[in-house]
Structure formats: C-alpha cells, structure tokens
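Engineer: Just a sequence and a predicted model for now, questions to come.
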Amino acid sequence: MARPFDLVLFDLDGTLVETAPEIADAVNDTLTALGHAPVPLQQVNHWIGHGTRELLIKALAQAVDIPPEEVRASEAFGPIEADFGRHYQARCGTRSHLYPKVRESLEALRAAGVKLAVVTNKEGRYTQTVLDVHGLTPLFHRVVSGDTLLVKKPDPAAVHDCLQRFGVARERALFVGDSSIDVATARNAGIAVWALPYGYNMGEPIEACGPDRVIPDLSALTTWLTLRAGAEAA
C-alpha cells in the first residue's frame, strides 16, 4: 500500500503540544504587573489561534473594558507587548507537553518518507523554543511561523510555500489541526484537512468546522503503515 500523503502539515498549539497553561502564565504575569486581575486558563484557551500578539490584545481589552482596536492603536501597547515577550520566552516549555501519540507518529511518518511541516500563527522565536524544548525540531522539514511570511493562517501562503518547496501536488498533501482557522487554511489551499477534538477552537466543537475527518490522535495518520506491513508479510 503506497502512502496516502507525501506532505503533512501540522498546526502547533493544541495539535502537537498543549501550550495553554504556559501561555496563560505569561499573560497573567503581564496583567498582574499592570495591576489587572489574572484571567482563567479556559479564557486563554478560547483566545489561542491568531498568534500571541492578538491573544495579548484580547486580554488587555478585556482587562480595561475597551475594544481590541483601541489596544492595538495605543502607544502604550508596544512596551506592554515587549514585557509580555520576555514573560512568555521565560515560560516557554515550562508547563507544556506533547499530546498522546505525537512523537511516535511523527517519527513513523518521517521514516516512511513523508515530508513534515509545522504551520503556526505563533511567532517564530516562541515556536522554535517550544519545538526545541520538546525535541521536535529534528522531525520537521519546514517550520512556518506567524512571522515567517508576510501573511499567516487562514491565508494559504504557508501551504503553497510547502507544496512548491517539496514538489508535492495538492491532492497528496494533508493539513492536521484543531481549529476553524486550520480548516479554513486547508480549504483556502485546496488540500485535505483532518482535525483533532482536544485542542483550542474558541470553545466550539471541531466537527462544526467541517473537516474531512476528525481523528482521536495522530496515530490515525500511521494506520496505513500497519496495513502495508501486513500486506508485505502476506
């Protein structure tokens, strides 16, 4: 049995790594330093998806009860964002963990010759830290963070970049994520998309986003390896 995909692209937060606790820690480090009340983890879960900058904007807007646009335009935001960056860099890797079946599935796919990429809206410096801390960096052929290109998800540019870089046809590529942003990215790029139910989708069930398939964990990606081994043995 030939492999069904030649390229698999993965979201990071909520797909490969549970990162919300340490993101919440950094947000609350920032808020409490400004004299604001901390926010609960579940609220941070709902804010994850558009990158840490947008997440911080939402947290500050809620804290002072103003529209996010006002926070974004404020002269005070730059220094606050810099403080948050220091807090989050210090927190990266301290309370995150891989989801079940992640490492073994990635290792099996790479060994089978599948090209692997991360496509995340998280800024590159944080992405690299998370990947390094959890020993995932060597498993990926390409990492596209939120600031790698001029645009980010759900714009399909990162997918197009990987398709061209590895010479893979759209029908031979798969996006794996946990949110409506990931599903929209795949749809915009014209590739298949599978979704996981355990990540961050702003409080909405992932089934409502209409992925091609909802899988319990990443081991669903390696089922064909077992089938192939059985066929070869027969």
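Structural biologist: Good, I have the coordinates.
Engineer: Could you use CA atoms for every contact and neighbour count after this?
Structural biologist: Will do.
Engineer: export stretch 149-163 as CSV, just CAs?
Structural biologist: Written as CSV, here are the backbone C-alpha positions of stretch 149-163 (Å, rounded to 0.1, in the frame of the first residue of the first chain):
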residue,chain,number,x,y,z
LEU,A,149,5.8,35.1,5.7
LEU,A,150,4.0,38.4,5.1
VAL,A,151,0.7,36.7,5.9
LYS,A,152,-0.5,34.0,8.3
LYS,A,153,-3.3,31.5,8.6
PRO,A,154,-6.0,31.2,7.3
ASP,A,155,-4.2,32.7,4.3
PRO,A,156,-2.9,29.6,2.3
ALA,A,157,0.5,31.1,1.6
ALA,A,158,2.3,28.8,4.0
VAL,A,159,0.7,25.7,2.5
HIS,A,160,1.6,26.9,-1.0
ASP,A,161,5.2,27.5,0.1
CYS,A,162,5.5,24.0,1.3
LEU,A,163,3.8,22.4,-1.7
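Engineer: How is this protein divided into domains?
Structural biologist: By the assignment in automatic domain parsing, the chain contains the domains 7-19+96-233, 20-91.
Engineer: Including mean neighbour count and mean pLDDT, could the ones you listed go into a markdown table?
Structural biologist: Formatted as a markdown table, the domains of the chain follow (neighbours: other C-alpha atoms under 10 Å; pLDDT from 0 to 100):
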| stretch | mean neighbour count | mean pLDDT |
| --- | --- | --- |
| domain 7-19+96-233 | 18 | 94 |
| domain 20-91 | 17 | 95 |
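Engineer: and Pro197, what element?
Structural biologist: Assigned by DSSP states H and E, Pro197 falls within no helix or strand.
Engineer: Check the spacing between the closest residue to Gly124 other than its chain neighbours and Arg3 real quick.
Structural biologist: Distances taken as C-alpha to C-alpha, 6 or more residues apart in numbering put Ser145 closest to Gly124, at 5.0 Å, once the chain neighbours are dropped. To Arg3, Ser145 is 27 Å away according to C-alpha to C-alpha, to the nearest Å.
Engineer: Then Leu150?
Structural biologist: Taking C-alpha to C-alpha, one finds Leu150 at 33 Å from Arg3.
Engineer: measure the closest residue to Gly199 other than its chain neighbours to Phe5 for me?
Structural biologist: Leaving aside its sequence neighbours, Gly199 sits nearest to Gly14 (C-alpha to C-alpha, 6+ apart; 3.9 Å). Using C-alpha to C-alpha, Gly14 is found at 22 Å from Phe5.
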